[in-house]
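Peer 1: I'll drop the sequence and a predicted model, then ask my questions.
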Amino acid sequence: MDGMMIEEDDDCPELVPIDAASGPAADQIPVTIITGYLGAGKTTLLNYILTEQHNKRIAVILNEFGEGSALEKSLAVSHAGELYEEWLELRNGCLCCSVKDNGLKAIENLMEKKGKFDYILLETTGLADPGAVASMFWVDAELGSDIYLDGIVTVIDAKYGLQQLTEEKADGLINEAARQIAVADLTIINKTDLVNEEELTQIRDAVRSINGLVKILETQKSRVDLSEVLDLHSFDSKDGANLAEKLQLVKSTRPHLDKTILTVTFEVAGDLPEDALNVFIQDLLWEKMFKNKEGKPMTVIRLKGIVSFAGKAHQMMLQGVHELYELNETPQLWEENRRINRLVFIGRNLDKDILQEQFISAVVQGAKKN
Ligand SMILES: Nc1nc2c(ncn2[C@@H]2O[C@H](COP(=O)(O)OP(=O)(O)OP(=O)(O)O)[C@@H](O)[C@H]2O)c(=O)[nH]1
């Protein structure tokens with residue numbers, strides 16, 4: 001079955017199976033989530049985008065948690081004790097709004113201005129779990145037809161990033177800075193002016209050890225080439241061919257600073273039975289059934305893969321954030337006799353050997369038994 005799988009839960013909003021089309025519909029607007037630890041440079045990045053000339057009509061939703069810039073403050077209008085959202089049109093064609101909550105309401109409100117913008121950037125608070133925000137786009141039936149999630153961008157402080165990543169958390173609690181890197185499609189290591197080459201290498205290695213898939217940019221004052229940040233198509237299968245190539249280059253990582261979050265990848269040749277694959281993923285994501293050598297449950301934050309199903313000429317793309325995942329057909333065809341399934345898991349307490357063994361016995365061999 002193509003489309004989204006989600007754990008049944010009373011708290012869930014109305015669910016719709018996501019269409020298994022290879023890419024978003026032409027009139028859907030991409031949304032990029034901008035996240036990053038407190039003070040990393042998210043607002044600087046968004047202000048830069050809002051004031052640069054780039055011929056793009058971008059709607060930016062600023063999160064006003066934290067100190068906030070002058071621009072942010074000027075936008076937050078208090079109205080009878082409540083904050084009401086006001087969209088401002090800026091000189092370079094951008095729209096801007098400042099919000100207190102997770103921004104979903106602002107997006108709904110923004111949709112009334114459809115036609116005035118082509119892209120949405122949503123900043124989350126420094127302590128938010130961007131995966132949770134991303135998941136909301138996946139399951140919100142109403143928004144799902146208007147917008148699609150293009151990617152998650154995490155801004156990292158070159159100077160304090162390492163310290164933030166190594167902050168000890170009480171047992172069982174996840175390091176937020178590490179989680180934001182784990183879930184990212186792109187990381188921007190910002191404030192490179194404040195570190196030397198050696199420190200920069202350390203933070204780069206730390207990022208890479210958590211997320212073996214993520215692209216890394218390095219900036220001062222969050223000055224990026226917009227084309228490297230927008231239109232990543234991280235969650236749809238439009239770039240299926242790209243993903244297959246990219247996954248080939250990913251390597252499993254070793255525990256580095258945050259000992260609990262890392263990347264595990266492996267490949268298995270041949271066709272996979274779809275049902276067994278679904279059961280395996282659900283056991284992993286929902287039931288947290290697999291444990292590492294210390295008996296700690298493996299928790300996946302991000303999941304990506306290219307898999308092969310019997311009788312399907314096209315490659316299938318597997319995507320997951322936290323407990324949500326989807327399997328979609330890509331436009332990419334398998335070459336004759338060269339069907340290689342590649343899976344990448346980013347998460348906590350992952351043990352490559354155990355995960356691979358479980359995968360082979362449940363999905364590959366399990367199928368042969370039936
Ligand atoms: N030296 C230096 N300072 C920077 C750079 N980029 C941003 N800053 C400064 O760092 C501070 C924090 O930047 P913000 O963009 O507000 O960070 P943020 O991630 O939005 O912060 P919160 O909203 O509090 O989560 C500001 O004073 C910026 O001027 C940089 O590349 N180098």
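Peer 2: Perfect, thanks for sending it.
Peer 1: What residues of stretch 315-323 count as buried?
Peer 2: Gln315, Met316, Met317, Leu318, Gln319, Gly320, Val321, His322, Glu323 (16 or more other C-beta atoms under 10 Å). Heads up, the C-betas are built off the backbone N, CA and C, glycines and all.
Peer 1: and Ile261, backbone torsions?
Peer 2: Dihedral angles of Ile261 (phi, psi; degrees, to the nearest 10) stand at phi -110, psi 130.
Peer 1: Kindly apply the preceding question to Asn292 instead.
Peer 2: phi -80, psi -180.
Peer 1: Report the separation between it and Leu213.
Peer 2: Counting by C-beta to C-beta, to the nearest Å, the gap from Asn292 to Leu213 is 21 Å.
Peer 1: When the two are compared, which one has more neighbours?
Peer 2: Shown here are Asn292 and Leu213; by other C-beta atoms under 10 Å, Leu213 has more neighbours (20 against 17).
Peer 1: Correct me if wrong, but the more buried one is in a helix.
Peer 2: No: with DSSP: H, G, I helix; E, B strand; the rest coil as the criterion, Leu213 is coil rather than part of a helix.
Peer 1: isn't it right up against Val250?
Peer 2: Yes: Leu213 is within contact range of Val250, at 5.4 Å (criterion: C-beta atoms under 8 Å).
Peer 1: can you list residues touching both of the two?
Peer 2: Common contact partners of Leu213 and Val250 (C-beta atoms under 8 Å, 6 or more residues apart in numbering): Thr263, Val344.
Peer 1: does Phe137 count as helix, strand or coil?
Peer 2: Taking three-state DSSP as the rule, one finds Phe137 in the helix state.
Peer 1: got a list of what the closest residue to it other than its chain neighbours touches?
Peer 2: In this structure, Phe137 finds its nearest non-sequential neighbour in Leu149, 4.6 Å apart by C-beta to C-beta, 6 or more residues apart in numbering. Contacts for Leu149 (C-beta under 8 Å, 6+ apart) come out as Pro30, Val31, Ile33, Ala134, Phe137, Trp138, Ser234, Phe235.
Peer 1: now, which of those residues lie within helices?
Peer 2: Ala134, Phe137, Trp138 (DSSP state H).
Peer 1: Which of those residues has the largest number of neighbours?
Peer 2: Neighbour counts for these (other C-beta under 10 Å) peak at Ala134, which has 25 neighbours.
Peer 1: can I assume it is in contact with Gln180?
Peer 2: No: in this structure, Ala134 is not within contact of Gln180 by C-beta under 8 Å, at 11.4 Å.
Peer 1: from the ones in helices among the contacts of Leu149, which is closest to Lys56?
Peer 2: Using C-beta to C-beta, Phe137 comes nearest to Lys56 of the ones in helices among the contacts of Leu149, at 20.5 Å.
Peer 1: Next one: the one helix or strand Ser98 maps to, is it in contact with the ligand?
Peer 2: Applying DSSP states H and E as the criterion places Ser98 in strand 95-99. No: for a cut-off given as C-beta under 6 Å from any ligand atom, strand 95-99 has no contacts with the ligand; the smallest distance is 11.2 Å.
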